[in-house]
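# Here you go, sequence then predicted model.
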Amino acid sequence: MPEISLSALTLFDYAVILVLIISAILSTLRGMTREFLGLTGWFISIFIARLTASSMENWLSNFIAVDGLAEVLSWALPFAGTAVIWFIFASLIAPGLKRAGLGALDTWLGVIFGLIRGVLLMTVFYVGSVLFVQSEDKLYPFMKDSQSSPYIRIITSGFAPFLPNDWQSRLSVMGLEPTFLDSTLESTKQQLDQLEGSLIYVMMNANEHPKMLLFPWTLRHRYAMAKLSERTARFPAF
């Protein structure tokens, strides 16, 4: 993990600290129940924004000629709209849920949720700035050289696979390093490939596996051939 030098804190670092403090205070007042609903709303807003970004960008491009602005707004507008609707919904159901809450623990857990929200907020702001200016190198030095930026890169690497491909290519210049999630996904992929190979073998040699005889030979053969062709297309040397 990168080390933090207090003497090298920039304006952006102080902004991060301020946002975290404000977010934690608000969470203390609202409690975990309300904050959990708020965090859930964030994920729903991100999902809706990703779902509608492409069509929204095509529509906004007819009115906005500034490079990159239509692309950013295509995410920002659906995200903000969904967040507002969810806020209204959460405000209606939160009182009833809070009455069945966790008492004092509800407040302290709310602080944790508030800190998470603050981190996500500043990460989204930083990544949005990178996408808007097309490259991290074009950011103001107080952002690019901040003590917070290495941690933001680490966080970004966790959700980068869920972003559009062209956004991932732009964010790749941020020097993102593989995370535990990346290594886990790669390991899972290798295990699935091995399982697929074993399945093909079983399908092709069903006579040695009595349970497989329950499936018609034509079905087993077609499935095995389809999988074999697929693997051959992906790995010509297979």
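Sure, I can see it. In this text the structure is predicted, and so the values were computed from the model without any measurement.

# other SSEs contacting the helix or strand harbouring Leu109?
Applying DSSP states H and E as the criterion places Leu109 in helix 104-133. Packing partners of helix 104-133 (3 or more CB pairs under 8 Å, 6 or more residues apart in numbering; DSSP states H and E): helix 11-60, helix 69-99, helix 149-159, helix 165-171. The C-beta positions use only the backbone N, C-alpha and C, and glycine is treated the same way.

# closest one to Thr123 among these?
Of all those, helix 149-159 sits nearest to Thr123, with 5.0 Å by CB to CB.

# pLDDT on the helix or strand just after the helix holding Leu109, on average?
Beyond helix 104-133 in the direction of the C-terminus, DSSP H and E gives the next helix or strand as helix 141-144. Computed over helix 141-144, the mean pLDDT rounds to 80.

# Show me what counts as buried in helix 141-144.
Neighbour counts over helix 141-144 (16 or more other CB atoms under 10 Å) mark 143-144 as buried.

# now do stretch 77-87
Buried, per 16+ other CB under 10 Å, within stretch 77-87: 78-79, 82-83, 86.

# Check stretch 50-70 too.
52-53, 56-57, 60, 64, 70.

# got JSON lines for the helices and strands packed on helix 104-133, with distance to Leu131 and mean pLDDT too?
What follows is the helices and strands packed on helix 104-133, written out as JSON lines (distance: least, CB to CB, whole Å; pLDDT from 0 to 100):
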{"stretch": "helix 11-60", "distance to Leu131": "12", "mean pLDDT": "85"}
{"stretch": "helix 69-99", "distance to Leu131": "6", "mean pLDDT": "83"}
{"stretch": "helix 149-159", "distance to Leu131": "11", "mean pLDDT": "78"}
{"stretch": "helix 165-171", "distance to Leu131": "6", "mean pLDDT": "66"}
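
# what's the domain layout of the chain?
6-177, 181-234 (automatic domain parsing).

# Gly38: neighbour count?
Other residues lying near Gly38 total 21 when counted by other CB atoms under 10 Å.

# and what of the one 5 residues further on?
Around Phe43 sit 11 other residues, with neighbours defined as other CB under 10 Å.

# What of Thr33?
If we define neighbours as other CB under 10 Å, then Thr33 has 23 of them.

# May I ask you to confirm that it is in contact with Asp106?
Yes - using CB atoms under 8 Å, Thr33 is in contact with Asp106, at 6.0 Å.

# State the distance from Arg117 to Met32.
According to CB to CB, to the nearest Å, Arg117 and Met32 sit 12 Å apart.

# Same check on Ser148?
Ser148 is 26 Å from Met32, by CB to CB.

# do Met143 as well
Met143 is 32 Å from Met32, by CB to CB.

# do the same with Phe132
Phe132 is 34 Å from Met32, by CB to CB.

# And these two? Which one has more around it.
Applying other CB under 10 Å to Phe132 and Met32 shows that Met32 carries more neighbours, namely 22 against 15.

# Chain neighbours aside, what residue packs nearest to the more buried one?
Leu109 (3.6 Å; CB to CB, 6 or more residues apart in numbering).

# got it, and Gly41?
Nearest one to Gly41, counting by CB to CB, 6+ apart, is Trp86 at 3.5 Å.

# tell me the contacts of the nearest residue to Ser27 once chain neighbours are set aside?
Leaving aside its sequence neighbours, Ser27 sits nearest to Gly114 (CB to CB, 6+ apart; 2.6 Å). Gly114 makes contacts with 23-28, 35, as judged by CB atoms under 8 Å, 6 or more residues apart in numbering.

# can you name the two of the residues you listed that are farthest apart?
Once CB to CB is applied, the contacts of Gly114 give Ile25 and Glu35 as the farthest pair, at 11.9 Å.
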